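Chemist: need a 3D model of the following:
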Amino acid sequence: MKCKTLLFFLFISFAVTAKQIVVCDSCNVKTIKEAIKMANNGDEILIKKGVYKENDILINKPISLIGEKGAVIDGQNVGGMFFCETNNFTIKGLKIVNVGSSYTKEYAAIKVIKASDFLIENCILEKVFFGILVEKSKRGIIRNNKISSNRKGEAGSGNGVHIWSGDGIEVYHNELFGLRDGIYFEFVKNSIIHNNFSHNNIRYGLHFMFSNNNIYHHNEFKNNGAGVAVMFSKFITMHHNKFRLNWGSASYGLLLKEIYDAEIYNNLFEQNTIGIYGEGCSRINYKNNTFLRNGWAIKISGACYANIFVKNDFMNNSLDLAYNTKVNDNKFENNYWSEYVGYDLDKDGIGDVPYRPVKLFSYIVNKTPEALVLLRSLFVDIINFSEKVSPVFTPNDLMDNNPLMKRAITNFDTQGND
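Modeler: Numbering: from 1, shown residues only. Below you'll find the model as predicted:
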């Protein structure tokens, strides 16, 4: 009881001594650097409306920087902007523009190093190199920010939210566009990405590597150069995301490489060159996903074992499945296939004839990509029919023995809203 009382009075004392420092052109304090130098732990710095031409601003004490509407920090394309090397700091409501660029240094609008328990919210970051760059930090929240760049090439651009070596980070309700990667995770664990809109980025809308035990949900990744890439990670959960309009010769809705023990469910893959491409991925459960009007719904390369596809909807894709390995212990069960032409005599909602999702033409295109120009031709219909009658080239044991006659996801429309 005495300990709790002491902590209470310490908190009251801290709150009473904390002060607000106002920064503006007509104030006693005219620059952000000057205000930070004056501030004590727990103080709030209020940045009034105006343009502040500052960069290389070091935050090395637990304070709050609050921007009034119209407060703009202009880095004049020279170096980085904010460097945060402290715990328990807040940056809120700032507009930061014109971050410098470099081929050797990671200039960022906000760079966070070895921090914990921080908050970055309601900021607009424009014409950035990196937007928010976090290194070796934990328990941070990045929310409600709009991050964009106008750089054209991959080599000369950075990422929107870039986290390297993080733990317990939450990234949500951000919009990211015009960047190299919208969101990038490397060596990040126990973190959540949700309700972000990452679109029109040069490379990936989301890119993460060596990042385990993370959850990604209710995000939209649209019209990105190469889609979304998930690599060298395990114990991942991805649900209620939209992967849309990621077109190109090397584009994917979702690229999976060396992923293990994951749950992927209730996602929408719509109008991508390839909905999901998997290579070296095992023990993944795919359930209640919608594959709509993609080039390929799914392409599976070698070393993909013990994956389960159940109750997914495959609708109007050019090719449902491409599979180029002879070893198969992956399971397809109770999926809906718009290409299925079987019958259901006992009216139990399950087709009486198994469905073979790998067509001979898909096999040919895998071997000779140029053959794709024959798609929709009578020749393709003939060779697919001949393989169906007497399978020779397509996997003999890869089939859905109990295909659904109606869509599996009756409460999930084609726009991805449940």
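
Chemist: relative to residue 102, how far out is residue 122?
Modeler: 28 Å (Cβ to Cβ, to the nearest Å). In short, each C-beta sits where N, CA and C put it, glycine included.

Chemist: same thing with residue 239?
Modeler: From residue 239 over to residue 102 (counting by Cβ to Cβ), the distance is 38 Å.

Chemist: which one of the two is surrounded by more residues?
Modeler: Relative neighbour count places residue 239 above the other of residue 239 and residue 102, with 17 against 12, counting by other Cβ atoms under 10 Å.

Chemist: pretty sure residue 217 sits against residue 263.
Modeler: No - the pair residue 217 and residue 263 fails to qualify as a contact (Cβ atoms under 8 Å) at a distance of 10.7 Å.

Chemist: contacting residues for residue 215?
Modeler: With contacts defined as Cβ atoms under 8 Å, 6 or more residues apart in numbering, residue 215 is in contact with 191, 192, 193, 194, 236, 237, 238.

Chemist: select only the buried ones of those residues in ChimeraX?
Modeler: In ChimeraX syntax, the buried subset of those is picked out as below (16 or more other Cβ atoms under 10 Å):
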select :191,193,194,236,238
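
Chemist: want to throw the contacts of residue 215 into TSV with secondary structure, distance to residue 133 and pLDDT?
Modeler: Compiled in TSV, the contacts of residue 215 are given as follows (DSSP: H, G, I helix; E, B strand; the rest coil; distance: Cβ to Cβ, whole Å; pLDDT from 0 to 100):
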residue	secondary structure	distance to residue 133	pLDDT
191	coil	15	98
192	strand	19	98
193	strand	16	98
194	strand	21	98
236	coil	23	97
237	strand	25	98
238	strand	24	98
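
Chemist: let's have the contacts of residue 215 in a markdown table, adding distance to residue 245.
Modeler: As requested, the contacts of residue 215 are arranged in a markdown table below (distance: Cβ to Cβ, whole Å):
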| residue | distance to residue 245 |
| --- | --- |
| 191 | 27 |
| 192 | 25 |
| 193 | 20 |
| 194 | 21 |
| 236 | 23 |
| 237 | 24 |
| 238 | 18 |
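
Chemist: which of the contacts of residue 215 lies closest to residue 204?
Modeler: Nearest to residue 204 among the contacts of residue 215 is residue 193, at 13.0 Å by Cβ to Cβ.

Chemist: any idea what the closest one is bridged to?
Modeler: Residue 193 forms beta bridges with residue 171, residue 216, as assigned by DSSP bridges.

Chemist: kindly report the same for residue 319.
Modeler: Following DSSP bridges, residue 319 is listed with bridge partners residue 296.

Chemist: ok, now residue 133?
Modeler: Per DSSP bridges, residues listed as beta-bridge partners of residue 133: residue 111, residue 162.

Chemist: which parts of the stretch 1-150 of the chain are strands?
Modeler: Counting by DSSP state E, counting those that start in this stretch, the stretch 1-150 of the chain has strands at residues 20-23, 44-47, 50-52, 57-59, 64-67, 71-74, 82-84, 90-92, 95-97, 108-113, 116-121, 124-126, 130-143, 146-148.
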